[in-house]
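[1] A structural model of the following input is requested.
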Amino acid sequence: MIQAGQEFRWQRSFTDQDLEQFTQLSGDRGMHHIVPDELGKTMIQGLLTATLPTKIGGDLNYVAREMVFDFHRPVYVGDTVTAVVTVKKVERKKADRLHVEILWECMNQDGRVVLSGSSHGVIFDP
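    Here you go, the predicted structure:
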């Protein structure tokens with residue numbers, strides 16, 4: 001059973017293919033996602049970065065009711081980002097569901113926070 005204080009991690013490196021697929025799926029074709037900057041780096045969409053904590057939520061069968069994202073710095077193709085999701089609160093209000101509050105931080109390969117946030121929702125627990 002999930003408990004307050006538990007941490008979950010997920011890491012991925014973003015590729016050109018990830019950027020292309022997310023661009024097609026989301027329709028977000030901002031020039032900063034298409035044209036590399038003066039250093040030759042292409043910025044990925046913030047919501048693509050946000051798939052890291054949501055992947056962990058999916059692993060937990062977590063259904064979000066609210067999500068808050070704070071985007072701190074850009075993520076580029078080739079960056080490796082690690083999400084750390086921490087369970088803040090767990091409360092059983094009905095026999096078949098847990099009400100859960102979570103926090104997360106996503107750090108790039110240099111240890112710099114690129115995204116943080118919070119959410120509350122439910123885990124159905126038969």
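
[2] could you find the closest non-adjacent residue to residue 36?
    Leaving out its chain neighbours, the residue that sits closest to residue 36 by Cβ to Cβ, 6 or more residues apart in numbering is residue 42, at 4.8 Å. All C-beta spots, glycine's among them, are computed from the backbone N, C-alpha and C.

[3] where does the chain have low pLDDT?
    Residues of the chain meeting the criterion pLDDT under 70: 126.

[4] again, 90 this time
    1, 93-96, 124-126 (pLDDT under 90).

[5] check which helices and strands the helix ranked longest in it is in contact with.
    Ranked by number of residues, the top helix in the chain under DSSP state H is helix 16-26. For helix 16-26, the packing partners by 3 or more Cβ pairs under 8 Å, 6 or more residues apart in numbering; DSSP states H and E come out as helix 31-34, helix 46-49.

[6] report the buried residues of the last one.
    Yep, that's helix 46-49 we're talking about. 48, 49 (16 or more other Cβ atoms under 10 Å).

[7] now swap in stretch 64-84 and tell me
    So for stretch 64-84, counting by 16+ other Cβ under 10 Å, buried means 67, 69, 75, 76, 77, 79, 81, 82, 83, 84.

[8] now the terminal residues of that stretch, how far apart.
    17 Å (Cα to Cα, to the nearest Å).

[9] starting at the chain centroid, how far to it?
    Chain-centre distance of stretch 64-84: 5 Å, with Cα atoms, centre = their mean, to the nearest Å.

[10] and the strands in this structure, which stretches?
    With DSSP state E as the criterion, the chain has strands at 7-13, 62-71, 80-94, 97-107, 113-124.

[11] would you reformat the ones you listed as CSV and include distance to residue 26?
    CSV is the format used below for those (distance: least, Cβ to Cβ, whole Å):
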stretch, distance to residue 26
strand 7-13, 17
strand 62-71, 15
strand 80-94, 18
strand 97-107, 18
strand 113-124, 16
